[in-house]
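J.: here is the input, now give the coordinates:
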Amino acid sequence: MSQTIVMYLVSHASGELVEMLARNAVTQLVGVEVKRRLWKAVRRLDQVPEILGALASAPGYLLHSVSHSDVRGALEEGCRRLDVPFQFALEPLLGQLAEYSGAAVQSHQSSGDAFDEDYYRRVEAMKYTLAHDDGIGSEDLDGADVIVVGVSRATKTPTCMYLASRGIKAANVPLVPGAPPPVGLMRAQGPLVVGLTVDPVRLAMVRAARLSALNDEANTDYADFDGLRKEVLEARRLFIRRGWPIIDASHRSIEQTASMIIEMLRKRAESP
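T.: Numbering: from 1, shown residues only. Got it, this is the predicted structure:
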């Protein structure tokens with residue numbers, strides 16, 4: 001039986017190297033088909049959130065040839081946060097050659113591109129979003145522009161990654177069944193708080209696929225339909241009690257959901 005994997009190829013140049021390596025590796029795997037997505041000329045930090053958003057939406061395997069240490073570091077740290085496997089295309093060859101020759105490895109310390117206000121805004125947004133993903137740092141959320149709240153697998157992470165790519169500091173807070181919302185969420189005054197909801201039928205399918213990908217089919221409570229329906233209902237009740245705007249992400253793309261949040265932020269900024 002064949003299986004299909006998603007492979008993300010990220011290149012600092014034309015992409016020929018990572019494409020060639022991926023193509024040759026896959027031909028040696030029995031019964032594996034690959035869907036590939038390629039990003040070329042990735043040389044700036046503000047390009048990273050878009051890639052991480054795609055990874056969060058549809059996890060796969062990432063192969064990259066990014067040489068600038070700041071961009072590479074952000075890309076690989078994002079993969080670690082998203083639990084996505086990755087590989088630098090020149091490893092282990094580069095390390096072995098350095099060991100054999102005794103030569104030091106020289107890496108580009110920064111992207112060196114022109115830095116403007118928009119660049120720094122996107123970079124700071126990306127750093128904030130990575131540091132406040134999936135409930136991390138939820139004890140203090142007042143530095144966020146927006147806090148996205150919802151049950152597990154409600155597309156919170158990819159939505160926040162997309163917002164970060166637009167220079168918006170987005171924190172992602174999951175609601176855990178049987179546990180109270182984080183104190184930092186309930187105390188946050190400055191940020192816009194948006195509740196994401198998902199149709200329980202669709203959510204059950206997404207969670208079942210997630211369990212299958214993790215080889216964790218024994219965790220039946222995570223995808224149990226009756227439990228999911230109650231979980232989604234309780235989350236919606238919380239949103240209504242708190243007066244938080246609600247977006248149904250069931251049949252919306254990440255871009256559509258994020259665009260709705262951006263419009264909410266715009267109207268909020270324009271209101272007296």
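J.: list the contacts for residue 61?
T.: Contacts for residue 61 (Cβ atoms under 8 Å, 6 or more residues apart in numbering) come out as 5, 6, 7, 8, 84, 85, 86, 87. Where C-beta positions appear, they are placed from N, C-alpha and C, glycine not excepted.
J.: and it, what are its phi and psi?
T.: Note on residue 61: backbone dihedrals following degrees, to the nearest 10 are phi -120, psi 130.
J.: please report how far it lies from residue 19.
T.: To residue 19, residue 61 is 14 Å away according to Cβ to Cβ, to the nearest Å.
J.: related to what we said a few turns ago, most surrounded residue in the contacts of residue 61?
T.: Highest neighbour count within the contacts of residue 61: residue 8, with 24 neighbours (other Cβ atoms under 10 Å).
J.: against residue 61, how distant is that one?
T.: From residue 8 over to residue 61 (counting by Cβ to Cβ), the distance is 7 Å.
J.: tell me where the chain has strands.
T.: 3-10, 32-39, 61-64, 86-88, 146-150, 170-174, 192-197, 246-248 (DSSP state E).
J.: and the fifth one, how far out from the chain's middle?
T.: Counting by Cα atoms, centre = their mean, to the nearest Å, strand 146-150 is centred 14 Å from the centre of its parent chain.
J.: before we move on, what about the last one?
T.: Relative to its chain's centre, strand 246-248 lies at 19 Å (Cα atoms, centre = their mean).
J.: contacts for it next, please.
T.: 194, 195, 196, 197, 198, 199, 236, 239, 240, 257, 260, 261.
J.: need these in CSV (columns: neighbour count).
T.: CSV is the format used below for these (neighbours: other Cβ atoms under 10 Å):
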residue, neighbour count
194, 23
195, 22
196, 24
197, 20
198, 25
199, 15
236, 16
239, 21
240, 11
257, 23
260, 16
261, 24
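J.: mind putting these into CSV with pLDDT and distance to residue 175?
T.: Converted to CSV, those look like this (pLDDT from 0 to 100; distance: Cβ to Cβ, whole Å):
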residue, pLDDT, distance to residue 175
194, 98, 13
195, 98, 9
196, 97, 10
197, 96, 11
198, 93, 12
199, 92, 16
236, 96, 10
239, 98, 10
240, 97, 14
257, 94, 17
260, 97, 20
261, 98, 18
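J.: what is the nearest of these to residue 46?
T.: residue 261 (18.8 Å; Cβ to Cβ).
J.: in the one helix or strand in the chain whose mean pLDDT sits lowest, which residues are buried?
T.: Within the chain, no helix or strand scores below helix 200-213, which has a mean of 79 by mean pLDDT, DSSP states H and E. Within helix 200-213, the residues that count as buried by 16 or more other Cβ atoms under 10 Å are 200, 203, 204, 206, 207, 208, 210, 211.
J.: what packs against that helix?
T.: Counting contacts by 3 or more Cβ pairs under 8 Å, 6 or more residues apart in numbering; DSSP states H and E, helix 200-213 is packed against helix 225-242.
J.: any idea how far the helix it packs on is from the chain center?
T.: That offset, for helix 225-242, works out to 24 Å (Cα atoms, centre = their mean).
J.: give me the angle between that helix and helix 200-213.
T.: 120 degrees (axes from the mean of the first three to the mean of the last three Cα atoms, to 10 degrees).
J.: can you mark which positions in helix 225-242 are buried?
T.: 228, 231, 232, 235, 236, 238, 239.
J.: hmm, which of those is lowest in pLDDT?
T.: Least confident entry in the buried residues of helix 225-242, by pLDDT: residue 228, with 88.
J.: that one: what's it in contact with?
T.: By Cβ under 8 Å, 6+ apart, the neighbours of residue 228 are 151, 200, 203, 204, 207.
J.: nearest to residue 24, of those residues?
T.: Among the contacts of residue 228, and counting by Cβ to Cβ, the member closest to residue 24 is residue 207, at 35.3 Å.
J.: picking that back up, want to throw the contacts of strand 246-248 into a markdown table with distance to residue 163?
T.: Shown next, in a markdown table, are the contacts of strand 246-248 (distance: Cβ to Cβ, whole Å):
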| residue | distance to residue 163 |
| --- | --- |
| 194 | 10 |
| 195 | 15 |
| 196 | 12 |
| 197 | 18 |
| 198 | 18 |
| 199 | 23 |
| 236 | 22 |
| 239 | 18 |
| 240 | 23 |
| 257 | 9 |
| 260 | 11 |
| 261 | 6 |
